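Peer 1: quick one: sequence plus predicted model below, questions after.
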Amino acid sequence: MTRYRVKICIRRGILDNAGQTVTYALRSLGWPEVEDVRIDKLIEFELKTSDWDKAERIAKSQTNEVMEYYELEEVE
């Protein structure tokens with residue numbers, strides 16, 4: 001089994017509404033120094049055999065490439 005990890009991030013310049021909400025919430029809870037929170041996704045999955053192309057297709061299928069980018073890595 002080969003394990004993969006995909007980090008999916010919102011592109012800079014795209015408004016992150018969830019991140020903005022968390023920023024405001026943390027400030028109201030007493031952390032005024034918090035700025036520019038970004039909310040990303042982390043997906044881990046296993047394939048029965050090592051297949052980078054298939055892993056990349058899976059990562060791509062979970063990414064809105066207009067607004068997001070992904071980073072794929074093989075995890076040992």
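Peer 2: Thanks, I have the structure now.
Peer 1: tell me the pLDDT at R57?
Peer 2: We have a pLDDT of 97 for R57.
Peer 1: dihedrals phi and psi, it?
Peer 2: phi -60, psi -40 (degrees, to the nearest 10).
Peer 1: any idea how far G13 is from it?
Peer 2: Using C-beta to C-beta, to the nearest Å, R57 is found at 27 Å from G13. From N, CA and C alone the C-beta is placed, and that goes for glycine too.
Peer 1: F45 sits in which helix or strand?
Peer 2: In the assignment (DSSP states H and E), F45 maps to strand 41-47.
Peer 1: ugh, wrong one, I meant A59
Peer 2: Using DSSP H and E, A59 falls in helix 52-61.
Peer 1: could I get the buried residue list for that helix?
Peer 2: Using 16 or more other C-beta atoms under 10 Å as the test for burial, helix 52-61 gives 55, 58-59.
Peer 1: quick one on the thing from earlier: the strand holding F45 pairs with which strands, and in what direction?
Peer 2: strand 2-10 (antiparallel) (DSSP bridges).
Peer 1: now T2, nearest residue through space, not along the chain?
Peer 2: S50 (4.2 Å; C-beta to C-beta, 6 or more residues apart in numbering).
Peer 1: what helix or strand is the one you found on?
Peer 2: Judged by DSSP H and E, S50 forms part of no helix or strand.
Peer 1: thanks a lot, see you next time.
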